[in-house]
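# Sequence first, predicted coordinates after that:
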Amino acid sequence: QKEVEQNSGPLSVPEGAIASLNCTYSDRVSQSFFWYRQYSGKSPELIMSIYSNGDKEDGRFTAQLNKASQYVSLLIRDSQPSDSATYLCAVRSRDDKIIFGKGTRLHILP
Amino acid sequence: DTEVTQTPKHLVMGMTNKKSLKCEQHMGHRAMYWYKQKAKKPPELMFVYSYEKLSINESVPSRFSPECPNSSLLNLHLHALQPEDSALYLCASSQARLADDTGELFFGEGSRLTVL
């Protein structure tokens, strides 16, 4: 079983709609979870971190964590063409390594 | 503007060359990382330095040699590389690897390496 799993997409969402990105992880003891955005040819940029169950909101972004289901999600409200990128879910493992999922390509349709 | 600076941005080298990638951060972070990223793949951890000591080596071939001269600087020395080593090499830093560390990584822009 892979440590961090994401649907590779592409996920196509109309401009102005909500984009929903999902991630599951295998290590039940993981405590730290991150979402990174990566534009083509650029480096990853941290957009959200979440450490406890529930929702965490930052502007148009909401991260959701459910440790019982080992599930992390990212919602992007009012999607903009500039949100088109690959979104990487990352989890800090029990040995303190930050492990990345394969990423979901998001395409916002104008 | 990124606070983690990597040089050079692009590097082309032959299989017999010796070159180095450099990384510098001024955020007071005490952990620094090298990741390798191939096209359409996630970043893959190579090395972690914590308080200037090598704490993680993900079984990286010895043709890659990391060095951490001080808490702000991280180098990756390259020697006798293979064409399959061509990739984007990402440096990152985080506060520390202590129990209260957030684990948030801040990446530089990367060094794109081509091995001929």
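Noted; the coordinates are in hand.
# For the rest of this, base every contact and every neighbour count on C-alpha atoms.
Noted.
# Strands of the chain, start to end?
Because you didn't say which chain, this covers chain A. Counting by DSSP state E, one finds strands in chain A at the ranges A:4-5, A:11-14, A:19-25, A:32-38, A:45-50, A:54-58, A:61-66, A:71-76, A:85-92, A:98-100, A:104-109.
# was after chain B, sorry
Using DSSP E, strands in chain B cover B:4-7, B:10-13, B:18-25, B:31-37, B:44-50, B:53-57, B:64-70, B:73-79, B:87-94, B:106-107, B:111-115.
# Which stretch among these approaches chain A most closely?
Minimum separation from chain A across these (C-alpha to the nearest C-alpha) falls at strand B:106-107, 6.5 Å.
# thought residue A:66 was touching residue A:56?
No - counting by C-alpha atoms under 8 Å, residue A:66 stays clear of residue A:56, with 11.9 Å between them.
# Name the residues of chain A found near chain B, please.
Counting by C-alpha under 8 Å from any C-alpha of the partner chain, chain A comes close to chain B at A:32, A:34, A:42-46, A:49, A:88, A:92, A:96, A:98-103.
# Just the buried subset of the residues you listed, please.
Burial by neighbour count, 16 or more other C-alpha atoms under 10 Å in any protein chain shown: within the residues of chain A next to chain B this picks out A:32, A:34, A:43-46, A:49, A:88, A:92, A:96, A:98-103.
# Single out whichever of those has the smallest pLDDT.
Among those, residue A:96 carries the lowest pLDDT, at 79.
# Check the gap between it and residue A:107 for me.
32 Å (C-alpha to C-alpha, to the nearest Å).
# Not counting sequence-adjacent ones, nearest residue to the most centrally placed residue in chain B?
What sits nearest the mean C-alpha location of chain B, by C-alpha atoms, centre = their mean, is residue B:34, with 2.7 Å. Leaving aside its sequence neighbours, residue B:34 sits nearest to residue B:91 (C-alpha to C-alpha, 6 or more residues apart in numbering or on different chains; 4.8 Å).
# so can I have a markdown table of the strands of chain A showing distance to residue B:114?
Output for the strands of chain A, formatted as a markdown table (distance: least, C-alpha to C-alpha, whole Å):
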| stretch | distance to residue B:114 |
| --- | --- |
| strand A:4-5 | 29 |
| strand A:11-14 | 31 |
| strand A:19-25 | 32 |
| strand A:32-38 | 21 |
| strand A:45-50 | 23 |
| strand A:54-58 | 38 |
| strand A:61-66 | 36 |
| strand A:71-76 | 34 |
| strand A:85-92 | 23 |
| strand A:98-100 | 24 |
| strand A:104-109 | 25 |
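# Of these, flag the one that's most buried.
Across the strands of chain A, the average number of neighbours (mean count of other C-alpha atoms under 10 Å in any protein chain shown) peaks for strand A:85-92, which reaches a mean of 26.
# Which one of the strands of chain A lies nearest to residue B:57?
Closest of the strands of chain A to residue B:57 is strand A:98-100, at 13.4 Å (criterion: C-alpha to C-alpha).
# Point out the other helices and strands that that closest one packs with.
Counting by 3 or more C-alpha pairs under 8 Å, 6 or more residues apart in numbering or on different chains; DSSP states H and E, the packing neighbours recorded for strand A:98-100 are strand A:85-92, strand B:44-50.
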